[in-house]
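**Q** Pasting a predicted model and its sequence here:
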Amino acid sequence: MAEHKPAYMAVAIGLFAMAFVIGFLMALASIGHSGVLFRFAVSWETMNAALAIARWAPAILLVASALALESSEAHDGFTGAASQVLAPALILAAVISIFYLLVVPGLAERKARYESQSQLFVDSLRGAEEAMQTGTLEVAARNLLACAAIDRLDERYIELNEKVQKSLVEARAAKADMEAPPEPPRTEENDWAEANRFYLEALKARAEGRLFDAHYLAKRSAALYSKRPEVRRLVNETWSDLQRLGPSAEQKGEAALYKRKLEGYERFQEGDYLEAYRIYSELAAEASGDVDIATYLKRSADGLLTIAFFTEEDARAFSRNDGGPFKITVTSPDGSISTLAASRMAIAEEAVYFRNIIYTRSGDKPVRVRAPFARLHGDTLLLRAVNRDHPDMVWEPTYETPSGSGFAIRLPFNQEDATRAHWLSGAPSDIPIALLATGIADAGRFGLETQPLLIELAGRMAYPFAALMLALLGAGLGIRFKPAAPPSTQAKYLTAPVFVALAIAPLQMIADVGHLAARALATWLSPTLFLPAWVAFLGVCVVISLFVSARIAGRSVH
Amino acid sequence: MGSACQVPRRMVQFCQMKNFLAVVFRFLIIFIVVDLCLTLAWTTGAAIDHGLDTVRLVLSAMLVSAMPASITAAIFICFFLVNRLFASRLAGYAVLMVLSAAAAAGAGLLVRFVCVDCASDVSALPPLYRPIAQWFVHISAAPWADFAIGLGTFAAMNAACWSLTRLSRNRPLFGAFVAPSAALASLYLFSMYLSGPADAVFRLAGLDLTRTMTTALLATCTALGMVLFDALFAMKPTGVPRHG
C-alpha cells in the first residue's frame, strides 16, 4: 500500500483559503443589513473574511491536524506519528500568532471604523433630512458637511445636498426681499415730484458747501427722474467739485485701510491676538494683495494659537477619527488628582482635540472648568476655540470654581499620555500588542482598569500554545479515528468545513475555560507574577494535551 | 451478539459482563473527572465575582449542579467504547440506558437524601445551563413518580444520541467531531424543553401538563426520534477494536 504522508500544511492552507472565501460570501450576504456604505463595501467584506479566518483558526488547526493524521500510515507511537505534524504545526503556530498579534487588531479596528463612519454618515444624513423638514437649513447644511467628509459621491448625499443648497439660496433671497422696505406704487408724476425734491435739496446742499450730500441727492434725483438735463448737469458738476476739492476716493480708501492696519498692529503689539486677527481677517477680504495684511494676519493667527485654536482644526481631526468618550485621572506628585473627561475626542498628529470637557483638579486650589472645545498640545490644554472664517464666533471656558482662570491649563499629563489612555481604555482586543505589553503600568497610572488588559495579553500570549495544543489534539483524533481506507482528497476538503463548524462550539467552551483561568490569575496575582504564572499554566496545558492526545490515539508517548 | 472479546462460547456471559464493567468503569472515571473540572471552573468563576470567601458556600452547589452535564459528557465519551465492545444496537442501548439512568438516579438520590439545599444558588453557572441545574435539584426532591420519569427521560435522551457517533463507517472521524457538539446541543435542547415556550406549545395543543411532564414528553420524543434516526441512517456498531 502506498504511503500517505500527512500534508498538514497543505490541508491547513486549503482550509484557511476556504474560510476566507466563506467569510467573504457571508459578509457579502449580510452587507445589506450591516448599513455599511457602498464606498466601504469591498474593504469591509475583505476585513470580515480575514476576521473569519481569525475566528475559525483554532478549529481549522484542529481539523487540519486530524485530517492529516487520518490518512497517515504511521505505526509507531503517538509521539512519532504526531511529530510528523509538529514541525509544520510549529511554523503555523508562529504564523497564526503573528497574524493574531499584529494583523487582527488592525483589521478589527478598520472594520469598526468602516461601520462607525457609515453609521455617522447615515445619522448625519437623517439629521439633515429632519432639519430640512423642520426648516432649520443651517443644521441641515452642517450635517451634510459631516456626510461630505465621509462620502461625497453617495447619491443620497448628492440629492439632499442639492435640495438643501437650493433651499438655502431661496431662503437668503427671501430674507433679502423681506428686509427691503416696500416701495410705494410708482407713477411718473410722483417720481418727478420726488426727484424735484431731491434736486432742490441738492442745490441747497451745494450752496451750503456740503458737496457729498449735494452729489448724493442729485444722483438720487436723477435715478428717480432722468429726463431733466439740469439734474444730470448738477450730478456732473458736484462730482467735479468733489474731485477737485478733496483727496480722491482711492486716496481716502487707502487712508482708511492704513488706519485699520495700524489699529490691528496696535492690537497685535498689545497681545490681543484675537482682535488683531479679526481686524486683519476683515482687511484681507478687502485687500487680499496687501503684503502687510497677509504678514500680520499670519502672525496674529500664530499668536492666537498660543491662547486659542481654530475650530476648523477640531473639525478636521474629528472628520478623520472620532475616539468617542474619554476619561483620564492622574495623581500628581503633590497628591492632587486631575481628571479630564470629554464626551468625544479625536487624535491628530499635532494635538488631541476634545469636545464638551470637564476638567477637575483637587488640592489646595481646586479647579473645575467646562469648555465646549479643547485642544491638548504637549501638556497645555487650550480651552478657547475660534472660528477662522468668522472670528467673532468664540467658544470660551466656564470656570465653576473661584480659583481658576485663563484659556490655557498646564496638565500633569501630556498629549502622548492622552493618546495612550485613549487606546488603553478602548476595547482590549483593538489594542496593538506593543502598547498592550508596555501600557499596563500606564493604565494603572491613568486610573484605568488593568485586569481586562492583563486578560487580553494572556489571551494573545496563548495563541502559539493553543496552536500547538490543537495540533496535538487533532493528531490524536486523526490517529484514533483512522478509517480502513484513507479518504480521497476531495472527500477531505468537502467534509473539512463541516468538521470546522462542528469544532467551533466545543473549542469556544475550552477557550472560555482558558479565559476564566486568566481572569483568576489576573484577580489573585500581582501583575508582576501574573505573566510567569500564566506561561507556566500554558506549559502545563500543553503537557496535559500531549498526554490526553496520546490517550485518545490509544498509543503510548515514547 | 458479537463482541470484541474473542473467547469460547461458555465464556460469552463472562465476556459480556466484562465489557459492561469496562463501560461502567470508563463512565465513572469520566463522570468524576468532568464533575470535578466543571465544579472547579464554576467555583472559580464565583470566587472571582464574589470573593474567595464564597468558595465554601458554592462548592457543594456547583458539585451538584455539574452532575447532569457530567452524566451527559461521560455517556457521550462512552459511546465510542460501546461502539468497540458491542456489535448489537439493542445491547448497546441497553448498556447505555442502564448506565445513564443509574447515574442520574444515583445523583438524584444523593441530592434527595444528602444535599437537598445544596444547589440553591445557580448564579455562577452559565445562563443556558441554569434551568437544567434548577430542574435537577427540583426533580431530585419531587415525588417518586416524577423523579423516575424526569431522570429516566433525561437519561434516555442522552443515551439515544449514540447513533451520532456512527454516522459514517468510512469516516469515523465524523463521530469524533459530532459527539462534542451533540453533547452541547443535547444540553441546550433540554434547557429549551424546560423553558416557558415549550410549555406554551402543549397549552396550544390543549394539554395542561406540569413542566416536569412536558419536559419528559419532549425528551422522550427526542429519544425516540434519535433511535429512529439510528435505524434509518446510522451504521451498526462494529464491535471490534479500532484500526491501527
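**A** Right, received. Where do you want to start? Numbering: from 1, shown residues only, chains lettered A, B, ... in the order given.
**Q** What pLDDT is listed against A:Ala74?
**A** A:Ala74 is assigned 61 on the pLDDT scale.
**Q** Hmm, I typed the wrong one, I wanted A:Gly459.
**A** In this model, A:Gly459 carries a pLDDT of 90.
**Q** What separation is there between it and chain B?
**A** The gap separating A:Gly459 from chain B is 16 Å, by Cβ to the nearest Cβ, to the nearest Å. The way it works is simple: take the backbone N, C-alpha and C, and place the C-beta from them, glycine included.
**Q** what does A:Tyr8 give?
**A** According to Cβ to the nearest Cβ, A:Tyr8 and chain B sit 15 Å apart.
**Q** Could you give the number of residues near that residue?
**A** The number of residues packed around A:Tyr8, counting by other Cβ atoms under 10 Å in any protein chain shown, is 28.
**Q** is chain A contacted by the longest helix that chain B contains?
**A** For chain B, the longest helix by residue count, based on DSSP state H, is helix B:12-50. Yes - if you take Cβ under 8 Å from any Cβ of the partner chain as the test, helix B:12-50 does meet chain A, through B:41, B:44-45, B:47-48.
**Q** For the residue positioned nearest the centre of chain B, which residues are in contact?
**A** In chain B, the centroid-proximal residue (Cα atoms, centre = their mean) is B:Thr72; its distance is 2.9 Å. By Cβ atoms under 8 Å, 6 or more residues apart in numbering or on different chains, the contact list for B:Thr72 reads B:158, B:183, B:186-187.
**Q** Please identify, among those, the one with the most neighbours.
**A** Result: B:Asn158 is most packed of those (other Cβ under 10 Å), 31 neighbours.
**Q** That one reaches B:Ile71, doesn't it?
**A** Yes - the criterion here is Cβ atoms under 8 Å, and B:Asn158 meets it with B:Ile71 at 6.6 Å.
**Q** Which residues are in contact with each of these two?
**A** With Cβ under 8 Å, 6+ apart, B:Asn158 and B:Ile71 have common neighbours B:Ser100.
**Q** Which residue comes closest to B:Met67 once chain neighbours are left out?
**A** B:Ala107 (4.2 Å; Cβ to Cβ, 6 or more residues apart in numbering or on different chains).
**Q** Alongside chain A, which residues does chain B contribute?
**A** Counting by Cβ under 8 Å from any Cβ, chain B sits next to chain A at B:41, B:44-45, B:47-48, B:52, B:169-178, B:180-181, B:184, B:242-244.
**Q** ok, 7 Å please
**A** By Cβ under 7 Å from any Cβ of the partner chain, the residues of chain B that approach chain A are B:41, B:44-45, B:48, B:170-173, B:176-178, B:180-181, B:184, B:242-244.
**Q** Which residues belonging to the helix or strand encompassing the residue nearest to the centre of chain B are considered buried?
**A** Secondary structure assignment for B:Thr72, by DSSP states H and E: helix B:55-85. By neighbour count on 16 or more other Cβ atoms under 10 Å in any protein chain shown, the buried set for helix B:55-85 is B:58-85.
**Q** Taking their axis directions, it and helix B:12-50 sit at what angle?
**A** Relative orientation of helix B:55-85 and helix B:12-50, computed by axes from the mean of the first three to the mean of the last three Cα atoms, to 10 degrees: 150 degrees.
**Q** Next secondary structure element downstream of helix B:55-85?
**A** Heading C-terminal from helix B:55-85 (DSSP H and E), you reach helix B:89-113.
**Q** List of residues touching that following helix?
**A** In this structure, residues lying in contact with helix B:89-113 by Cβ atoms under 7 Å, 6 or more residues apart in numbering or on different chains are B:1, B:20, B:23-24, B:27, B:31, B:64, B:67, B:71, B:75, B:78, B:82, B:86, B:118, B:137, B:139-141, B:147, B:151-152, B:154-156, B:158-159, B:162, B:230, B:236-237.
**Q** Backbone dihedrals for the nearest residue to A:Ser288 once chain neighbours are set aside, both of them.
**A** Of all residues not flanking A:Ser288 in the chain, A:Ala294 sits nearest, at 7.9 Å (Cβ to Cβ, 6+ apart). Main-chain torsions, A:Ala294, degrees, to the nearest 10: phi -60, psi -40.
**Q** quick one, strands of the stretch 351-500 of chain A?
**A** Using DSSP state E, counting those that start in this stretch, the strands found in the stretch 351-500 of chain A span residues A:352-361, A:367-377, A:380-382, A:385-386, A:394-395, A:398-399, A:408-410.
**Q** Please tell me how far stretch B:159-169 is from the chain's geometric centre.
**A** 14 Å (Cα atoms, centre = their mean, to the nearest Å).
**Q** Flag every buried residue along that stretch.
**A** B:159-168.
**Q** Output it as PDB, nothing but the C-alphas.
**A** C-alpha atoms of stretch B:159-169 as PDB (Å, rounded to 0.1, in the frame of the first residue of the first chain):
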ATOM      1  CA  ALA B 159     -28.300   7.500  25.600                       C
ATOM      2  CA  ALA B 160     -30.300   7.900  22.400                       C
ATOM      3  CA  CYS B 161     -27.600  10.100  20.900                       C
ATOM      4  CA  TRP B 162     -25.400   7.100  20.500                       C
ATOM      5  CA  SER B 163     -26.200   6.900  16.800                       C
ATOM      6  CA  LEU B 164     -24.500  10.200  16.200                       C
ATOM      7  CA  THR B 165     -21.100   8.600  16.700                       C
ATOM      8  CA  ARG B 166     -21.800   6.000  13.900                       C
ATOM      9  CA  LEU B 167     -22.800   8.300  11.000                       C
ATOM     10  CA  SER B 168     -20.100   7.000   8.600                       C
ATOM     11  CA  ARG B 169     -18.100   3.900   8.500                       C
END
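**Q** who in the stretch 151-300 of chain A is up against chain B?
**A** Within the stretch 151-300 of chain A, no position lies close to chain B (Cβ under 7 Å from any Cβ).
**Q** Show me where the stretch 151-300 of chain A has its helices.
**A** A:155-179, A:188-207, A:211-224, A:229-245, A:249-270, A:273-286, A:291-304 (DSSP state H, counting those that start in this stretch).
**Q** Mean pLDDT lowest where, among these?
**A** helix A:249-270 (a mean of 80).
**Q** What is the neighbour count of residue 22?
**A** Just going to use chain A. A:Ile22: 17 neighbours (other Cβ under 10 Å).
**Q** switch to chain B, that's the one I care about
**A** Using other Cβ under 10 Å: B:Ala22 sits among 17 other residues.
**Q** Noted, bye for now.
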